[in-house]
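[1] Let's see this in three dimensions:
(one chain, ligands or ions: 1)
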Amino acid sequence: MEKLLIKGGNRLSGEIRISGAKNAALPILAATLLTKETAVIKNLPHLHDITTMLELLGCMGVHTVVTEDMSVEINAGTLNNLTAPYSLVKTMRASILVLGPMLAHFGEANVSLPGGCAIGTRPVDLHIRGLEAMGAEIEVVDGYIRAKVNGRLKGAKIFFDTVTVTGTENILMAATLADGVTILENAAKEPEVIDLAHCLNAMGAKITGIGTDTLRIEGVESLHGCTYPILPDRIETGTYLVAAAVTGGKIKLKDTDPTILDAVLTKLREAGAKITTGPDWIELDMEGRRPKSVNITTAPYPAFPTDMQAQFTVLNAIAEGTATVVETVFENRFMHIQELNRMGANAQVSGNTVVIKGCEKLSGAPVMATDLRASASLVIAGLIASGETLVDRVYHIDRGYECIEEKFQNLGGLVSRVVRGAE
Ligand code: UD1
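    Numbers count the residues shown, from 1 in each chain. This next block holds a predicted model:
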């Protein structure tokens with residue numbers, strides 16, 4: 001069984017390149033179902049979730065060719081199966097993103113309901129209600145969402161009760177081919193939603209209000225092919241910045257975008273980091289200092305991202321002072337806390353809040369990754385712990401971090417992949 005072995009103590013220093021954003025790549029790959037022409041998607045990250053999405057498209061008969069420069073050419077003209085099976089959807093909730101495009105383009109879609117999820121119940125009711133408001137007939141039978149529409153979907157005004165990222169993306173994609181105008185209110189405005197909207201416009205969609213919480217989509221009869229580069233991954237960027245900060249190090253991240261990380265950079269500065277930025281790079285210098293505690297409250301963009309909460313919890317675990325971390329997006333996203341406490345952290349969970357009293361040192365231990373970002377936080381904890389930390393269930397990490405051990409090694413972090421039996 002593969003595990004990550006981390007030997008703590010090294011201060012990170014050096015330069016690495018940031019990959020394309022997983023959470024932009026997934027909806028953009030799904031969006032290629034909206035046209036019969038070839039789309040070329042560039043700057044694709046090399047990740048398990050991306051392979052799963054390509055496998056999903058492949059099992060529907062879609063033709064995909066991955067080239068050596070991490071681009072993929074996709075042609076949905078060969079699609080011959082309108083079902084996203086449970087075997088793939090259960091491994092990745094974001095598979096639900098094929099629902100809107102398939103229904104809008106082919107008038108029918110059968111998508112397995114995603115199963116339970118480690119970080120909360122994460123329902124898809126808002127995706128379903130949005131498509132119903134556009135005239136789809138949807139029933140849930142035998143664990144599958146079976147959606148149909150007679151002719152084209154119809155433009156509609158849709159208000160999301162909760163800000164939902166993939167929900168906004170699903171309805172946005174469906175609306176591009178609807179008959180008439182669709183208005184999405186209280187839409188998510190994450191940079192990945194913006195990237196999808198720009199890609200759809202490059203395919204001939206008519207979307208305005210991009211980057212605001214009200215999107216206006218004038219439906220068109222068909223979309224065409226395009227060549228589109230995926231934006232840099234802000235969560236990967238933030239994860240390496242936190243890793244450098246906790247080790248007192250100095251690193252430069254290239255091929256990233258500092259303008260989509262305001263909330264994270266603000267908190268890192270508050271923790272004592274010196275940060276300089278250029279058009280596509282960020283440099284962080286901790287000058288050997290121990291970070292200061294920073295209070296965090298997660299919320300939809302542009303507020304502090306829930307996907308960076310676990311990493312900042314580790315920062316607070318070894319910081320000077322006491323911090324409060326409030327998680328408002330998902331109800332069960334503190335599973336890393338128990339593992340961090342086993343490494344010597346002093347963190348108490350109460351409802352959606354954790355109070356963390358910073359301690360000077362963590363100690364290495366065998367730990368269990370529970371979800372993608374929680375596992376990244378355990379690797380960071382390992383980097384500052386004394387001795388060795390062995391992170392089990394690394395498949396969670398491989399879903400969202402490209403070549404994590406190589407990237408840390410390039411920065412001087414002692415992270416390696418080992419094969420060991422269950423312990
Ligand atoms: C996306 C991201 C994930 C990130 C999350 C929040 C992708 C592939 N994943 O997940 O990394 O952590 O946004 O930034 O982009 N909700 C409902 N009903 C719905 C849909 C959502 O109640 O139909 C609730 C969820 O339970 C959650 C909240 O809305 O409490 C936000 O979830 P959502 O934004 O939908 O998360 P995802 O799109 O699944």
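[2] got any ranges where the stretch 1-150 of the chain has weak pLDDT?
    Within the stretch 1-150 of the chain, the stretches with pLDDT under 70 are 115-121.
[3] Leaving out sequence neighbours, find the closest residue to Ile397.
    Ser375 (4.6 Å; C-beta to C-beta, 6 or more residues apart in numbering). C-betas here are computed from N, CA, C, even on glycine.
[4] Now do the same for the residue nearest the centre of the chain: helix, strand or coil?
    Closest residue to the average C-alpha location of the chain: Asn23 at 4.1 Å, with C-alpha atoms, centre = their mean. Judged by DSSP: H, G, I helix; E, B strand; the rest coil, the three-state class of Asn23 is helix.
[5] Confirm that the residue nearest to Ile397 lies within a helix, as I assumed.
    Yes. Counting by three-state DSSP, Ser375 falls inside a helix.
[6] Correct me if wrong: it contacts Ala369.
    Yes. The criterion here is C-beta atoms under 8 Å, and Ser375 meets it with Ala369 at 3.2 Å.
[7] Comparing the two, which residue is more hemmed in?
    A count of neighbours by other C-beta atoms under 10 Å puts Ser375 above the other of Ser375 and Ala369, at 29 against 25.
[8] Can you give me every residue that contacts the more buried one?
    For Ser375, the contact set (C-beta atoms under 8 Å, 6 or more residues apart in numbering) comprises 369, 391, 393-394, 396-397.
[9] Mind doing that once more with 6 Å?
    Shown in contact with Ser375 (C-beta atoms under 6 Å, 6 or more residues apart in numbering): 369, 396-397.
[10] before we move on, what SS does the residue lying closest to Val163 once chain neighbours are set aside have?
    Once flanking residues are discounted, Val163 sits nearest to Pro300: 4.1 Å by C-beta to C-beta, 6+ apart. The three-state label given to Pro300 by three-state DSSP is coil.
[11] how many other residues sit next to Pro300?
    Neighbourhood size, Pro300 [other C-beta under 10 Å]: 20.
[12] from what I can see it touches Thr164, true?
    No. Using C-beta atoms under 6 Å, Pro300 makes no contact with Thr164, being 8.9 Å away.
[13] Hmm, Ile158 is touching Ala133, no?
    Yes. Counting by C-beta under 6 Å, Ile158 touches Ala133, with 5.3 Å between them.
[14] okay, these two: which has more neighbours?
    Neighbours were counted for Ile158 and for Ala133 using other C-beta under 10 Å; Ile158 has more, 23 against 17.
[15] The more buried one: what's it in contact with?
    Residues near Ile158 by C-beta under 6 Å, 6+ apart: 130, 133, 184.
[16] For it, what is the enclosing helix or strand?
    strand 157-159 (DSSP states H and E).
[17] what does Ile337 give?
    For Ile337, the host element (DSSP H and E) is helix 335-342.
[18] The next helix or strand after that helix pairs with which strands?
    Counting by DSSP H and E, the next helix or strand C-terminal to helix 335-342 is strand 346-350. If you go by DSSP bridges, strand 346-350 pairs up with strand 353-357 (antiparallel).
[19] which parts of the stretch 101-250 of the chain sit against the ligand?
    Contacts of the stretch 101-250 of the chain with the ligand, taken as C-beta under 6 Å from any ligand atom, map to 120, 122-127, 162, 164-167, 192.
[20] ok, 8 Å please
    When proximity is defined as C-beta under 8 Å from any ligand atom, the stretch 101-250 of the chain approaches the ligand at 119-129, 161-169, 188, 190, 192, 235.
[21] Mark which of those are part of helices, please.
    Residues of those located in helices (DSSP state H): 125-129, 165-169, 192, 235.
[22] ok, and the most crowded of those residues?
    In terms of neighbour count, Glu169 stands highest of these at 31 neighbours, by other C-beta under 10 Å.
[23] need the helices for the stretch 1-150 of the chain, in chain order.
    22-31, 48-59, 86-89, 99-106, 125-133 (DSSP state H, counting those that start in this stretch).
[24] if we can go back for a sec, partner strands of the strand holding Ile158 and their direction?
    By DSSP bridges, strand 157-159 pairs with strand 181-185 (parallel).
[25] quick one on the thing from earlier: what's the offset of the strand holding Ile158 from the middle of its chain?
    25 Å (C-alpha atoms, centre = their mean, to the nearest Å).
[26] now the helix holding Ile337 and strand 353-357, what's the angle there?
    Here helix 335-342 runs at an angle of 20 degrees relative to strand 353-357 (axes from the mean of the first three to the mean of the last three C-alpha atoms, to 10 degrees).
[27] Quick check: neighbours shared by Ser375 and Ala369?
    Residues touching both Ser375 and Ala369 by C-beta under 6 Å, 6+ apart: His396.
[28] is the nearest residue to Ile145 once chain neighbours are set aside in a bridge, and if so with what?
    Nearest residue to Ile145, sequence neighbours excluded (C-beta to C-beta, 6+ apart): Val111, at 4.9 Å. Listed beta-bridge partners, Val111: Ala84, Ile145 (assigned using DSSP bridges).
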